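Asker: structure, please.
(one chain, ligands or ions: 3)
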Amino acid sequence: MSQSTFDQELERLLAENSKLKEELQEVRESEERFRQIADNVREVFFMISAETDEILYISPAYENVWGRTCESLYQDPESWLMAIHPEDSGKALATLETQFRTGDEFREDYRIVRPDDSIRWVSVRAFPVRNAEGKFNRFVGIAEDITQRKLAEQAMRKSEERFRLTFEMAPIGMAITTLDGRFKKVNQSLCEALDYTESELLKLGFADISHRDDIDFHLSLEQKLAYGEESDFQIEKRYISKHGRPVDTLLKVAVVRDGNGRALHFNNQIVDITERKKMEQQLFHDALHDSLTGLPNRVLFMNRLEQELKRVKTQSSYLFAVLFLDLDRFKLVNDSMGHLVGDKLLMEIARRLESCVRPTDTVARLGGDEFTILLENIENIDTATKIADTIYTALNVPFTLENYELVTTASIGIALSSHGYDRPEDILRDADLTMYSAKEQGKARYEVFDRSMHTRAIERLHIENDLRRGLEREEFEVYYQPIISLITNKLSGFEALARWNHPTKGFISPTNFIPISEETGLILPLGSWLLEEACRQLKTWQIKYPQDFPLKISVNLSGKQLREITLIDQVERILTKTQLKPISLKLEITESILMENIEAATKTLLALRKKGIQLSIDDFGTGYSSLSYLHRFPVDTLKIDRSFVSEIKSGQENSAIVKTIVTLAHMLNMDVIAEGIENESQLDQLKLLNCEHGQGYFFSKPLSREDAEALVAKSPQW
Ligand code: C2E
Ligand code: MG
Ligand code: MG
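Answerer: Ligands and ions are numbered 1, 2, ... in the order given. All right, here's what the predicted structure looks like:
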C-alpha cells in the first residue's frame, strides 16, 4: 500500500471511526435515555438474549414487583420462571415456547409468588428483536403489576355473579330494557307473571305488553331518566299477560349509565300486586257498598250528594231530588218469617228500585229497611213524583220468597235541591223528615218536602228540650179516664193517661210528646213515674172507697218500655212499694208495638202474666196482626180501636168487624173494651154485641185526679 493510499485509507478509517464514534455516542445516549426512563417507571423493562437466555437488562422496578433483587436475576436468569405461580406456569411456558418457535409477540397475564409468599398479578409483553442481519437474537419486554386491576375484576365478577343470581332467582319480576324499550334480559318471575317464555319476551318491547293507558306515562318518565332529570322512578302500572289477563304491578325503574354519564339501559323491578290490588279494590268497594244488596251505602251516597250540591252551586238552574224510602212494617216480615226471608226481600226490593230509576240515578241502602235515591238532573218535581209512582207500582207486585207471597209498601219522602242546601246531610235530613210525615199520614204514600215540615221538626226539637226540663220540674200529671162495665153499668176502673202542663204552651197532648219521648228514651223515666203515680193513686182509692169488685187501673206501655230488660223488676218494685195487687194493674200495649217484635214481646208478656198482672192489646184492629198471632199473645183483654167504634151503625161493615173482634176475643178467652164511645147508639150496639167494657166521652173525658176521685166517691151508675 502506498503512503498516500495508506494515508487516504487512514483518513477514511479515521473519518469512519469518528462517525462510528458519533454513532456509538448516539447509541450510548439513546441507551442512557432509555435507561433513565426504564429506571424510573413502575413497569418492569427487560431484555433477554434469545440465544443464551441471559438477562441483558432488567429495570429496577423488578425488585418492587417480584420482591427480588435485579442482581439475583442477572445471576440466575431462570429464577423468574421459578417465581411463576404453579397454576399459571404451564400456560406461561407454553406461550413462551410458541413464541420461540414463531417469533411472535408474547403476551400473558400470570401470577407470581414473591419470596414472602404473597401473590402478584403481572401482565407481561415481550417482542422479539432482530439484529442487523435480520436474526432474531433477543427479547425486549415490559411487565406490569396488575394485581389491583385483577382484584377489582374478581370483585366485579363476584358482584356480577351475585347480580345474575339475584336477577334470575328474584321472587319479583326483573328486566333490563334498552333505551328504546326492548327487553334485553328478563327473569323467571317476570315470565311467570306475564305468562310469556323468556324467548318470547325478549322479542318484545314493554309497550307491546303494557296496558294501553299506561304506556305514555311510563315513556315520559323513562325519558326523564334518560335525560338525567331523575335517577329512578316508581309507579303503579298495568301490564297485559300473554293470555290477555290484566296484571297490576308496582314498577321501579332505574337508569344505568356508563363512566361518562351516558344512559346505557334501564333496570326494571316489577312486583305483581294484582292480588293486593284486588283486595284493595274489594275493600274500597266494601267500604262504599252495602254487603247485602250490593247497593251504594251511606258514605257513597253522601259523596254523590256532595258532588250534586257542587253542581248546583256552579249551575243555578240545576235541579236534583233525594228520595228517602222506608218500608212499612218490614219488622213484621223479619220477625214473623225470619231474617233470611227479610234479607231476600231487601235484595229483591233493591233490584226493583234499580229498575225504576234511570241509569244515572243512585239507589243506596242506608241500613235496615231504609233506601235512598238520588235523581240527578231533573226537569222539575214531576220527574221525582213519577219515579215515586213507578216505585209504588213496582212494589205492588207481590214478592215470592221461600213459598211466601209478600206484598210490601213503602213511605217515601222527597226533597228537592231547590231549597238551597249547603250540606248533603241537610237535604237527606229533610227527605227523611218528609218520609216520617208520609208515614204519619198513613204510610204507603209519598210526600214532597216543604218548609213547614222543617218548622215542625224544629218544634219537635224544642219539645225534646222542654221534655227534659219538664220531667225535672214535674210538669206532668196523670189523668184518669173511667172504664165502665157494660154489664153492671158501673165504674170498673180507669185508664191512666199522661198529661203535660207546659209552662208556656199549656196542656200538650200525649200524641205529640209520647212519640218524641219514645225516640229520646225519656219515656223510660216518664213511664216509670207515671206507673208509680197511677198505682199509688188507685191503691188510695181502693182503700178509701171499697167496692165489691175492686177498681182496676190501665197503664199504657210504650214499645221502648216493653223492650227494656228491667221492665218486669220495675213493675214488681212499684207494686210492692204501692201495695197494689197485681190483679188490679192492667198494662196496655198497642197492637202495632206487639207486632214489631213478636218473639221478644211474647216473652215479656208471659213474664208479666206470671206475676199476675193483666194485659191488654190497645188499639186493636189497626196493627195488622193476623189471627195466627193473636192466640200466641198471653193477653186478657182486647181494646177495640176507636176508629171502629165511631163508625158503628147497625148492619154496617164496621159493626161486622166489631162483632168479629168480640167473637174472636171470647173464643180466645179474652174480654173486650170498646174505646171512644161517644154516643148512646154506639153503646147500645156494643152491648148487643156482648162487649164487656166501654170507655169514651159518652161516659167521661179523662179527668184530673180530683175530678176522678169525686167520681169514685159518687160511685155512679150509667
Ligand atoms: P190510648 O191508649 O188509645 O188512649 C185513648 C185515647 O183516646 C186518649 O187520648 C183518650 O183521651 C182518647 N179518648 C177517650 N175516649 C174518647 C172518645 O170518646 N173520643 C175521642 N175522640 N177520643 C177519646 P190521649 O189521652 O190523647 O192519649 C193518646 C194516646 O197517647 C193514647 O192512646 C196512648 O197511646 C198514648 N198515651 C197516653 N198516655 C200515655 C202514657 O202514659 N204512656 C204511654 N206509653 N202512652 C200514653
Ligand atoms: Mg191506652
Ligand atoms: Mg187506644
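Asker: now the stretch 101-250 of the chain against ligand 1: closest residue?
Answerer: For the stretch 101-250 of the chain, the nearest residue to ligand 1 under the criterion CB to the nearest ligand atom is D248, separated by 58.9 Å. All C-beta atoms are positioned from the backbone trio N, CA, C, and that covers glycine.
Asker: and that residue, helix, strand or coil?
Answerer: strand (DSSP: H, G, I helix; E, B strand; the rest coil).
Asker: the one 3 residues further on now?
Answerer: Using three-state DSSP, the structure places L251 in strand.
Asker: wouldn't it be in contact with D272 here?
Answerer: No - with contact defined as CB atoms under 8 Å, L251 does not reach D272; the gap is 10.5 Å.
Asker: comparing the two, which shows the higher neighbour count?
Answerer: Each of L251 and D272 has its neighbours counted (other CB atoms under 10 Å); L251 has more, 23 against 20.
Asker: and that one, how far from ligand 1?
Answerer: 67 Å (CB to the nearest ligand atom, to the nearest Å).
Asker: distance of that residue relative to E230?
Answerer: Distance, L251 to E230, using CB to CB, to the nearest Å: 14 Å.
Asker: please apply the same query to A431.
Answerer: Where E230 is concerned, A431 sits at a distance of 51 Å (CB to CB).
Asker: give me the more crowded residue out of the two.
Answerer: Set A431 next to E230 and count neighbours by other CB under 10 Å: A431 wins out with 25 against 15.
Asker: quick check: what element follows the helix or strand harbouring that one along the chain?
Answerer: For A431, the host element (DSSP states H and E) is helix 424-440. Heading C-terminal from helix 424-440, the first helix or strand you meet, by DSSP H and E, is strand 446-448.
Asker: max-length helix in this protein?
Answerer: Counting by DSSP state H, the longest helix found in the chain is helix 3-40.
Asker: beyond it, next helix or strand please.
Answerer: Using DSSP H and E, the helix or strand that follows helix 3-40 towards the C-terminus is strand 44-49.
Asker: partner strands of that following strand, parallel or antiparallel?
Answerer: The strands beside strand 44-49 in its sheet (DSSP bridges) come out as strand 55-58 (antiparallel), strand 136-145 (antiparallel).
Asker: show residues contacting the helix or strand encompassing D619.
Answerer: Per DSSP H and E, D619 falls inside strand 614-620. Here strand 614-620 makes contact (CB atoms under 8 Å, 6 or more residues apart in numbering) with 552, 554, 556, 582-583, 585-592, 594, 605, 608-609, 623, 633-642, 661, 673, 675.
Asker: from those, which land in helices?
Answerer: Applying DSSP H to the contacts of strand 614-620, the entries found in helices are E591, S592, L594, L605, L608, R609, R642, I661.
Asker: for the residue of the stretch 101-250 of the chain closest to ligand 1, give its distance to G141.
Answerer: 63 Å.
Asker: likewise E709?
Answerer: As judged by CB to CB, E709 and G141 stand 139 Å apart.
Asker: check A92 too.
Answerer: To G141, A92 is 13 Å away according to CB to CB.
Asker: who touches the nearest residue to E533 once chain neighbours are set aside in this structure?
Answerer: Closest residue to E533 in three dimensions, ignoring its sequence neighbours and counting by CB to CB, 6 or more residues apart in numbering: V478, at 5.1 Å. Each residue near V478 by CB under 8 Å, 6+ apart is listed here: A496, L497, A498, R499, L530, E533, A534, Q537, R705.
Asker: so which of the strands paired with strand 44-49 comes closest to ligand 3?
Answerer: Checking the strands paired with strand 44-49 against ligand 3 by CB to the ion gives strand 136-145 as the closest, at 114.0 Å.
Asker: which other residues reach the next helix-or-strand element following the closest one?
Answerer: Going down the chain from strand 136-145, the next helix or strand is helix 147-169, by DSSP H and E. Here helix 147-169 makes contact (CB under 8 Å, 6+ apart) with D109, I119, R120, W121, M174, K185, N187, Q188.
Asker: show the buried residues in those.
Answerer: Among the contacts of helix 147-169, those classed as buried by 16 or more other CB atoms under 10 Å are D109, R120, W121, M174, K185, N187.
Asker: from C535, how far out is the residue nearest to the fifth one when sequence neighbours are not counted?
Answerer: In this case it means K185. Leaving aside its chain neighbours, K185 sits nearest to I176 (4.2 Å; criterion: CB to CB, 6+ apart). Noted for I176: a distance of 90 Å to C535, by CB to CB.
Asker: of those two, give the one with the bigger neighbour count.
Answerer: Neighbours were tallied for I176 and for C535 using other CB under 10 Å; the higher tally belongs to C535 (22 against 17).
Asker: give the phi and psi angles for the more buried one, as a check.
Answerer: Per-residue torsions, C535: phi -60, psi -40 (degrees, to the nearest 10).
Asker: relative to ligand 1, how far out is it?
Answerer: Taking CB to the nearest ligand atom, one finds C535 at 13 Å from ligand 1.
Asker: for that residue, give me the pLDDT.
Answerer: On pLDDT, C535 comes in at 98.
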